[in-house]
Every structure is written in C-alpha cells, then in structure tokens.
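Asks: Sequence first, predicted coordinates after that:
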Amino acid sequence: MTRRAPIGKALRRLRQQNDWTLADVAERTGLAVSTLSKVENDRMSLTFDKIVSLCEGLGVDIGTLFTGDAPQAGEADASAAPVAMMTRRSVDKGSGDDALVPTKNYRHRYLNTDITHKKMIPILVEHRARTMEEFGALVRHPGEEFVYVMEGAIELHTEFYAPTLVKAGESIYLDSTMGHAYLAASDGPCRTLSVCSSPETALAKALMVNEPTVTLKKPVKE
C-alpha cells in the first residue's frame with residue numbers, strides 16, 4: 001500500500017514521472033514557478049482553489065496529490081481498461097493531517113488517498129456554516145452521495161425538498177446534481193462521513209462556488 005506523502009513530495013514525484021519542469025507545471029496550472037518551488041520544498045501550503053487548479057492542470061484527482069502516484073502523460077488510465085478482477089485495498093489509520101482540505105463551509109479530510117481514480121470518494125466532514133446566508137449558493141455536481149451523521153446534527157437544504165434535520169446516527173442519500181447544502185444544526189462540532197460518486201475534480205470545482213474569489217497570477221519564469 002502506498003503511503004501518503006505531503007503535497008510537495010507528491011508534486012515532485014509527479015514531475016519526475018512525467019519529465020516535467022517547474023515551468024511546464026506552471027504553464028499547465030497557472031501557478032507561478034516560485035509558488036510551485038516553495039510547495040515542493042514544504043515552504044508553502046496551497047489554498048483550496050490552487051489545489052483544484054493543480055489537479056485540473058495536471059489531469060489528476062485530489063488523492064494523487066497525497067500520494068504522487070499517477071499514470072504518466074499519454075498513458076492509459078488503468079481504471080478505464082476492462083479487467084476481470086481488481087485487488088486494490090486501503091486501510092486508513094486516521095493519523096496525520098496531510099489530507100485535510102479546509103473550505104469556507106466545510107473542513108474535509110479525504111480518506112484512503114493512497115488509492116487514486118476511485119469510483120467512490122470517502123470524506124470526513126466538519127460542517128461550519130450555520131445559516132444559508134453564511135453558506136451561499138446551493139452546490140451541484142455529478143454523481144450521488146451518501147452522508148452519515150457521526151456527531152451533532154446537520155440540516156439538509158435542497159432545491160426540491162423542505163429543509164430536513166438529520167441527527168447523529170441518521171443518514172442521507174441523494175442525487176448530487178440536485179442543488180444542496182449542509183448546515184451545522186447543533187451546538188458543538190457537527191461531523192459527518194460523506195461518500196460521493198462524483199469525480200474528485202468535479203466535486204472540488206463545485207465546492208469552490210462559495211469560496212472567496214482568488215485571482216491567480218500568471219506563471220513567472222525563474
């Protein structure tokens with residue numbers, strides 16, 4: 001089983017696998033060479049919008065940024081090839097914060113990131129927003145999702161149903177293409193386990209809808 005790696009080490013490994021220079025990555029992602037260099041040397045962490053830009057530009061999912069494992073450029077995705085049996089397995093011990101991705105409304109910890117190109121994306125979520133005014137626009141993305149409330153309670157808002165209170169020990173299953181929002185609805189932490197069938201980059205872009213606007217600088221050659 002592949003061990004998790006900090007994003008900087010994973011980025012360097014991806015560059016080496018694909019024979020990319022920092023300038024190549026900057027051109028693909030819109031991130032400055034100086035920024036990428038600092039990330040690789042663990043002197044800078046990336047905000048959520050920049051993580052999405054990195055994933056989109058390099059054509060990888062978020063899990064890859066925590067492992068560095070990905071097909072080389074031009075290489076077929078093994079998950080798309082017909083196979084009789086898959087033997088992947090991952091045990092997530094829940095230690096370390098390397099897979100934490102904070103956003104305005106949620107604090108995500110991606111689970112089992114050593115397996116990439118997954119059909120299901122498991123995420124531990126801490127819900128932050130407590131009102132729709134604070135949350136912003138409803139979120140939509142491809143696929144379906146299952147949410148199990150582990151602690152506290154959440155209030156589910158959708159575009160077709162009345163708000164629903166979901167308490168610890170209860171669960172939700174919905175089509176993710178329907179506009180939806182989860183609000184923290186009890187005192188103290190409100191935490192859930194979410195499993196989404198949406199591609200990670202599509203999910204990440206949807207979550208950016210309510211993120212503060214950040215203008216990326218043009219790549220700087222160094």
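Replies: Arrived safely, thanks for sending.

Asks: So which residues of this protein form strands?
Replies: 100-102, 106-110, 121-127, 144-151, 153-158, 164-167, 171-175, 180-184, 191-196 (DSSP state E).

Asks: if you compare those strands, which one is most tucked away?
Replies: Most buried of the strands of the chain, by mean neighbour count (mean count of other C-beta atoms under 10 Å): strand 180-184, with a mean of 22. C-beta: built from backbone N, CA, C; applies to glycine.

Asks: what's the angle between that one and strand 106-110?
Replies: 100 degrees (axes from the mean of the first three to the mean of the last three C-alpha atoms, to 10 degrees).

Asks: Can you show me the CA trace of strand 180-184 as CSV?
Replies: Below are the C-alpha coordinates for strand 180-184, written out as CSV (Å, rounded to 0.1, in the frame of the first residue of the first chain):
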residue,chain,number,x,y,z
HIS,A,180,-27.9,21.0,-1.9
ALA,A,181,-26.3,22.4,1.2
TYR,A,182,-25.5,21.0,4.6
LEU,A,183,-25.6,23.3,7.7
ALA,A,184,-24.3,22.7,11.2
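
Asks: so how far is it off the chain centroid?
Replies: Relative to the mean C-alpha coordinate of its chain, strand 180-184 is positioned 17 Å out (C-alpha atoms, centre = their mean, to the nearest Å).

Asks: same question, stretch 134-151
Replies: 13 Å.

Asks: cool, and stretch 146-153?
Replies: 19 Å.

Asks: Need the distance between the two termini of stretch 9-27.
Replies: 20 Å (C-alpha to C-alpha, to the nearest Å).

Asks: Among the strands of the chain, single out whichever gets nearest to residue 40.
Replies: Closest of these to residue 40 is strand 100-102, at 18.7 Å (criterion: C-beta to C-beta).

Asks: picking that back up, for the strands of the chain, give me CSV that also has mean pLDDT and distance to residue 16.
Replies: Formatted as CSV, the strands of the chain follow (pLDDT from 0 to 100; distance: least, C-beta to C-beta, whole Å):
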stretch, mean pLDDT, distance to residue 16
strand 100-102, 81, 24
strand 106-110, 89, 23
strand 121-127, 93, 26
strand 144-151, 97, 35
strand 153-158, 98, 42
strand 164-167, 98, 45
strand 171-175, 97, 40
strand 180-184, 97, 39
strand 191-196, 96, 31
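
Asks: how about TSV for those strands, with distance to residue 138 added?
Replies: TSV is the format used below for those (distance: least, C-beta to C-beta, whole Å):
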stretch	distance to residue 138
strand 100-102	20
strand 106-110	14
strand 121-127	15
strand 144-151	14
strand 153-158	7
strand 164-167	14
strand 171-175	12
strand 180-184	5
strand 191-196	16
